[in-house]
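Asker: Kindly return the folded structure for what I paste below:
(chains A, B, C and D)
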2 protein chains.
Amino acid sequence: MEPERTPMQLVHLLRGLTVELDLFGAEFAARNGLHPTDLRALIHLLDAARAGTVVTPGRLGEALGLNSAGTTGLVDRLERLGLIRRERDPGDRRKVRLLVEERAIELGQGFFGGLIADLVAAMGVFGDAELAVARRFLTTMTEVVAAARAE
Amino acid sequence: MEPERTPMQLVHLLRGLTVELDLFGAEFAARNGLHPTDLRALIHLLDAARAGTVVTPGRLGEALGLNSAGTTGLVDRLERLGLIRRERDPGDRRKVRLLVEERAIELGQGFFGGLIADLVAAMGVFGDAELAVARRFLTTMTEVVAAARAE
DNA sequence: AGCATGTATCTCGCTCAGCGAGAGAATACG
DNA sequence: CGTATTCTCTCGCTGAGCGAGATACATGCT
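Answerer: Numbering: from 1, shown residues only, chains lettered A, B, ... in the order given. Got it, this is the predicted structure:
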């Protein structure tokens, strides 16, 4: 395993980056009275809102790996914090739509906005061709992990 | 924020990769009766063991953001699973050294080994110059996140 | 229509990870 | 020495998340 140094270095870099991002998220969450799960839920909901997708408690729980009881608790928590709102689906009244409040968007922007700006600024020192390589590399690595996850 | 497409694409790729790696870790943990925290602790301990560093409960807790009570519980848990062993430091008898058992190394290798091999294999399609760019890119991004974390 | 089956969410009771506070044991320092 | 500091652990508690099951709506079958 030692002869090929560069690949292993890259594996460790990937892991190190993941650790840093996780820690950043955890600290942001703690600072706002949220739990890591709440933050992951919020990211999922904001992504869906931007994409115009309807999210129900069922879908959210599935995305986060929670069962229905845990999901209800999570949604209660986010609703109590005024970050989301429940609304019965008029088409299928068994369903509940989760709507993000303005406050959640501000919260997300307010904290991740700074990090994103820093990341984008740091990308400025790379040329277009280099960024293209980085994009291709990250895409490939993500696909490998996703494939490994699906066994 | 919309004019510069490539940087934002890359930010989303970074986040997506983090999500995938987290989910992979969480599934591996659940499959082995571990909690996400246990897995993070194990990774930290294995890294330290490879580097020849001594890890104490205090250092471990600090690295994971746990207080002393939570750390004791974590160490108890890992010890009960036969993954680590406590040993009083002969030099400073207030300290406890955490030693990883063979079983922990096998566990780590057994599961992450497969993923690492897949990642390294996928890197094969990139040239040395491209891998160097990827390494530089990841290093830069990690530094930015670490800097943002330190306020 | 009527009834079974399936789907979406919620309630209840429980387990256990992690916290705050502080105790106990060893070391460092005046 | 004694006092402060460091490292780990104990105790009691809160609350996230689980399993089981209740409830309500929807849909398919005959």
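
Asker: Which helix or which strand is home to A:Asp118?
Answerer: helix A:102-123 (DSSP states H and E).

Asker: Tell me how far that helix lies from the chain's centre.
Answerer: Between the centre of helix A:102-123 and the centre of its chain there are 13 Å (C-alpha atoms, centre = their mean, to the nearest Å).

Asker: Let me know the average pLDDT across it.
Answerer: For helix A:102-123, mean pLDDT is 91.

Asker: what's the answer for stretch A:76-96, then?
Answerer: Here the average pLDDT along stretch A:76-96 is 96.

Asker: Now it: buried residues?
Answerer: A:Arg77, A:Leu78, A:Leu81, A:Leu83, A:Ile84, A:Val96 (16 or more other C-beta atoms under 10 Å in any protein chain shown). The way it works is simple: take the backbone N, C-alpha and C, and place the C-beta from them, glycine included.

Asker: Spatially nearest residue to A:Asp89 (excluding sequence neighbours)?
Answerer: A:Lys95 (3.8 Å; C-beta to C-beta, 6 or more residues apart in numbering or on different chains).

Asker: Give me the distance between the one you found and A:Thr56.
Answerer: Distance, A:Lys95 to A:Thr56, using C-beta to C-beta, to the nearest Å: 5 Å.

Asker: Please enumerate the shared neighbours of these two.
Answerer: Residues touching both A:Lys95 and A:Thr56 (C-beta atoms under 8 Å, 6 or more residues apart in numbering or on different chains) are A:Asp89.

Asker: List the contacts of the host helix or strand of A:Ala63.
Answerer: Here A:Ala63 is covered by helix A:57-64, with elements defined by DSSP H and E. With C-beta under 8 Å, 6+ apart as the test, helix A:57-64 has contacts from A:37, A:40-41, A:44-45, A:67-68, A:70-72, A:74-75, A:95-96, A:98.

Asker: try it again with 10 Å
Answerer: Contacts to helix A:57-64, defined as C-beta atoms under 10 Å, 6 or more residues apart in numbering or on different chains, come from residues A:37-38, A:40-41, A:43-45, A:47-48, A:53, A:55-56, A:66-72, A:74-75, A:78, A:84, A:86, A:94-98, B:19, B:23, B:26.

Asker: Does A:Thr53 fall in a helix, a strand, or a coil region?
Answerer: Of the three states, A:Thr53 takes coil under DSSP: H, G, I helix; E, B strand; the rest coil.

Asker: residues touching the residue nearest the centre of chain A, list them.
Answerer: Geometric centre of chain A, nearest residue: A:Ile43, 4.4 Å, by C-alpha atoms, centre = their mean. Taking C-beta under 10 Å, 6+ apart as the criterion, A:Ile43 is in contact with A:Gly25, A:Ala63, A:Gly108, A:Phe112, B:Arg15, B:Val19.

Asker: The fifth one: neighbouring residues, count only.
Answerer: It refers to B:Arg15. Using other C-beta atoms under 10 Å in any protein chain shown, B:Arg15 has 16 other residues around it.

Asker: Once you drop chain neighbours, what's closest to it?
Answerer: In space, and not counting its chain neighbours, B:Arg15 is closest to A:Leu21: 7.4 Å by C-beta to C-beta, 6+ apart.

Asker: Before I go, just wanted to say thanks for your time.
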